[in-house]
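**Q** Kindly generate the corresponding structure for this input.
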Amino acid sequence: MYPDIAFSATLERSMGVCLVRYLTALLASLLTHPVAVNYRLAPQFPFPCALQDVLAACASISLLSASVKL
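**A** Now for the predicted structure:
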C-alpha cells in the first residue's frame, strides 16, 4: 500500500490513518515525489543544526533528482 512502510507508520501515529491514506492517494494521483525532512530541533540541537539538516536534505534531493527525474 505504502512505498515506505516505516515512514508511513510514523505518519500514521502522528497524523492518523485516514489522513495518511488520503495524502498517499492524492500524491500518487498527482505523480509527485513527496519529501519529508526529519531535522533536529532546539533546544537539544541549537541553531544552526536544523538549517544544516535542511541544506543536507536539499543536496540529497538534488543528487537524486537526476536519477528519479524530479
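
**Q** Where does the prediction get shaky in the chain?
**A** The chain contains residues with pLDDT under 70 at 1-15, 69-70.

**Q** residue nearest the centroid of it?
**A** The centre of the chain sits closest to Ala36, judged by CA atoms, centre = their mean, with a distance of 1.5 Å.

**Q** What's the separation between that residue and Phe47?
**A** 21 Å (CB to CB, to the nearest Å). Just so you know, the C-beta spots here come from the backbone N, C-alpha and C atoms, and that holds for glycine as well.

**Q** domain ranges for this protein?
**A** 1-34, 36-70 (automatic domain parsing).

**Q** Kindly check the end-to-end length of stretch 31-42 for me.
**A** For stretch 31-42, the first-to-last residue distance is 34 Å (CA to CA, to the nearest Å).

**Q** ok, and what's touching it?
**A** With contact meaning CB atoms under 8 Å, 6 or more residues apart in numbering, stretch 31-42 is reached by Phe7, Leu27, Cys49, Ala50, Asp53, Val54, Ala57, Ile61, Val68, Leu70.

**Q** Appreciated, that's everything.
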